[in-house]
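Q: fold the following, please.
(chains A and B)
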Amino acid sequence: MITNYLIASPHKEWADALSVQLSNLGLSYDRAFNGKEAQALLHKNNYSITLLDLELKNHSSLEILRYIKLSKLKTVVMFYVPYAGILNEYGMTLGILKRLGIMEVLLPTMTPLAIIKKLRHWSDPNVWRHIPFDPLKREEKEKSLSDDEFTKVNIQEALELGIAAFDHYLRLAPDKYVRVVHQGEPFPVSTIQNYINAGVEYLYFYTSDRLEYINLMNELVRKMIDASPHSDDLIIKSLKSVADKYINEAYTEGIKPSLIEEGKSFCNNVYSLITKDKDLHKKLHDMEYMIPDLFSHSFLVSFYSILISKQIKWVGKKTLESIAIGGLLHDIGLMELPEELRKDSPHHLDNDQKIEWEKHPLLGAKVLQGSPFVNEQVRQIVYQHHEYIDGSGYPNSLTALKIYPLAKIVAVGDGYVNKMTELKVSPRETFKAFLLDRTNILKYEPNHLRALAQSLI
Amino acid sequence: MKQNLLIIDDEDLILHNLKYLLKKHALTVFTANNGKAGLNILQKNQIHCVICDIFMPDLTGVQIIKEVRAMGNMVPFVFFTAHGNHDLMLEAAKYGAFEFINKPYFESLEEIIINGLREGFERSSTSNILTKENEYQEILDMFLAALKDTNVR
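A: Prediction:
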């Protein structure tokens, strides 16, 4: 991924401040002071992100935007506006801006570092590689901060990271946190061990750092898989952690190109792990995190869908990535339902609740429609993952030849994981029960069942 | 064995370029620059895969696939997608869209068309429920035998 930026703004002070910070972080950028210069640079170079100042002259920002859309340039566009209210004055909402292709609006109140964080989210979340640690900033002060701003991470997993890519906090009470590890600092092993001995299970970090966390974990898992020998237990836990955070990030922050790339990294990691360890699936059942919750379920569905796909000759790399991401996101529509309906199966719901629950594939497809970075393959997997070849599925009761092929694979993964969760037996015993249920297996393509059988033998 | 491909798109340049790129994968590549011409070709020839644009002046891709399915023809359809026509894609899915290719990037185009032609060929041979029943039994027998082997070992 190319990670350089174009800053097109006549506001010298603002652009200078941003440029200095970009230089400090070793990031490359170009400057344009008017629209004509911006267009010339866009014609000559590829930029991952283009920042357009709304007050650009000599070709306005909207003319430059039009040029970008007509030339089909692969650059993410962000607008810098002089004040927040200006959008209302023009009758523009964020929804309209997104449809025009403007992904973020930057305000003068944002610090250069906050802007750079947004830039990195869209282009390359590897910012953790460049973070310097300043020992003079070390402090431990209790702060009143809202629980909503934080994401938790298992303390053992956090320790595996080695160096803190961002601040980590201990939660003392609801809305009360104290920073215990500083950005750029090596994790203090003995201190963390003391916390573990005292019964602490989780550390916390700002939710706005979650994408960096996903990137970091994917990178770490890749290294762990390459290492020989390696601990499957730890790798699987880390992959599950990535999957959990991925789904939350997708739903709450939207799907950005960098999140798609992280989905591909997740897919590559699972694929590498399956290829290296043929008996991996046997170990999964023994692991404690086979607890049925939405996020574990999505991780396992993605995992088994990749396992099935590996046996199918016509599944190429790009298709496999779509299956992996589709598996992770297949139940994202459940997040649009009331909390009591957010289960991965409708067994304990009454009729009215079941009708609502069965809307989740369409709701999921609609959620993903909001992101131009999600491809149609993933959207259709989410939309059709409950269609079955015997016509008993929903939302459209499609039959075999009409169902999107990749959705049929994820449907098997989904059905199988649900069975495993219900029976709480080993993967092989689950599959045996799956096959013996004649009404059930008529929902799935024989070649996909054969592929799963071959993976489990 | 090579099969027949049909490309329906109102942009002649796309028709020309795709035909050039894909001719090595198909026996014959038919082209049509509007929906009605495409339907005409489908009625007169055995087509194993259709690449179809979603937005065209006379008929949309959804209208075309709807008519093709009404004729009892289950040929795989690969649709060109672009940002902004999501609802049409969901609609197309109801009639059995086989795959989607994002314009203007055309990622994995050849892989998708090869799969589409293969699928179209397989669909043109009948596969009845009885055959599938045999397959399910075969898979169960194979798996149980493998489990037994593992337990014995």
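
Q: skipping adjacent residues, who's closest to the residue in chain A that chain B sits nearest to in space?
A: Using CB to the nearest CB, the single residue of chain A nearest to chain B is A:Lys402, 3.2 Å away. Using the backbone N, CA and C atoms, a C-beta is placed for each residue, glycine as well. Leaving aside its chain neighbours, A:Lys402 sits nearest to B:Gly96 (3.2 Å; criterion: CB to CB, 6 or more residues apart in numbering or on different chains).

Q: which residues touch that neighbour?
A: B:Gly96 makes contacts with A:398, A:401-403, B:65, B:69, B:74, B:77, as judged by CB atoms under 8 Å, 6 or more residues apart in numbering or on different chains.

Q: try it again with 7 Å
A: The neighbours of B:Gly96, taking CB atoms under 7 Å, 6 or more residues apart in numbering or on different chains as the test, are A:398, A:401-402, B:69, B:74.

Q: could you do B:Ser108 as well?
A: The contact partners of B:Ser108, taken as CB under 7 Å, 6+ apart, are A:316, A:318.

Q: please apply the same query to A:Ile163.
A: So A:Ile163 contacts A:184, A:186 (CB under 7 Å, 6+ apart).

Q: let's see that with 6 Å instead.
A: By CB atoms under 6 Å, 6 or more residues apart in numbering or on different chains, A:Ile163 lies in contact with A:Pro186.

Q: count of neighbours near A:Leu398?
A: The number of residues packed near A:Leu398 is 21, by other CB atoms under 10 Å in any protein chain shown.

Q: just give the closest residue to it, not the sequence neighbours.
A: Nearest to A:Leu398 is A:Glu387, by CB to CB, 6+ apart, at 4.6 Å.

Q: for chain A, identify the residue most remote from the centre.
A: In chain A, the residue that sits farthest from the middle, by CA atoms, centre = their mean, is A:Asn58; the gap is 39.3 Å.

Q: quick check, that residue in contact with A:Asn34.
A: Yes. In this structure A:Asn58 lies within contact range of A:Asn34 using CB atoms under 6 Å: 4.1 Å.

Q: and the residue nearest to A:Lys402, how close does it get to A:Lys408?
A: Counting by CB to CB, to the nearest Å, the gap from B:Gly96 to A:Lys408 is 12 Å.

Q: mind giving me the packing neighbours of the helix or strand A:Tyr29 falls within?
A: In the assignment (DSSP states H and E), A:Tyr29 maps to strand A:28-32. Where contact means 3 or more CB pairs under 6 Å, 6 or more residues apart in numbering or on different chains; DSSP states H and E, strand A:28-32 is packed against strand A:4-8, helix A:35-44.

Q: as a markdown table, those with mean pLDDT would be great.
A: Below are the helices and strands packed on strand A:28-32 laid out as a markdown table (pLDDT from 0 to 100):
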| stretch | mean pLDDT |
| --- | --- |
| strand A:4-8 | 92 |
| helix A:35-44 | 92 |
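
Q: out of the ones you listed, deepest packed?
A: Sort those by mean neighbour count, taking mean count of other CB atoms under 10 Å in any protein chain shown, and strand A:4-8 sits at the top with a mean of 22.

Q: each with direction, which strands does that strand pair with?
A: Applying DSSP bridges to the sheet, strand A:4-8 is found paired with strand A:28-32 (parallel), strand A:49-53 (parallel).

Q: which of those strands is buried the deepest?
A: Neighbour counts (mean count of other CB under 10 Å) averaged over each of those peak at strand A:49-53, with a mean of 25.

Q: CA atoms only for that one, dumped as PDB, please.
A: The C-alpha coordinates for strand A:49-53 follow below in PDB (Å, rounded to 0.1, in the frame of the first residue of the first chain):
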ATOM      1  CA  ILE A  49      -4.800  10.300   0.900                       C
ATOM      2  CA  THR A  50      -5.600  13.700  -0.500                       C
ATOM      3  CA  LEU A  51      -6.400  16.500   1.900                       C
ATOM      4  CA  LEU A  52      -8.400  19.300   0.200                       C
ATOM      5  CA  ASP A  53      -9.000  22.600   1.800                       C
END
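
Q: gap between A:Lys443 and A:Ile323?
A: From A:Lys443 over to A:Ile323 the distance is 18 Å, taken as CB to CB.

Q: which residues does the spatially closest residue to A:Arg31 that is not a sequence neighbour form beta bridges with?
A: Nearest residue to A:Arg31 in three dimensions, chain neighbours excluded: A:Ile7, at 5.4 Å (CB to CB, 6+ apart). With DSSP bridges as the criterion, A:Ile7 is bridged to A:Arg31, A:Leu51.

Q: residues contacting A:Ile7?
A: By CB under 6 Å, 6+ apart, the neighbours of A:Ile7 are A:15, A:29, A:31, A:51.

Q: chain A contacts on chain B?
A: Contact residues, chain B versus chain A (CB under 6 Å from any CB of the partner chain): B:74, B:81, B:83, B:86, B:89, B:93-94, B:96, B:100, B:104, B:108, B:111, B:115, B:132, B:135-136, B:139-140, B:143, B:146.

Q: just the buried residues of those.
A: Buried members of the residues of chain B next to chain A, scored by 16 or more other CB atoms under 10 Å in any protein chain shown, are B:74, B:81, B:86, B:89, B:93-94, B:96, B:100, B:108, B:111, B:115, B:132, B:135-136, B:139-140, B:143.

Q: returning to that earlier point: in strands, which of the residues of chain B next to chain A fall?
A: B:81, B:100 (DSSP state E).

Q: narrow the residues of chain B next to chain A to those in helices?
A: Among the residues of chain B next to chain A, the members falling in helices (DSSP state H) are B:86, B:89, B:93, B:111, B:115, B:132, B:135-136, B:139-140, B:143, B:146.

Q: so for those residues, which is the shakiest by pLDDT?
A: By pLDDT, B:Lys132 ranks lowest within those, coming in at 72.
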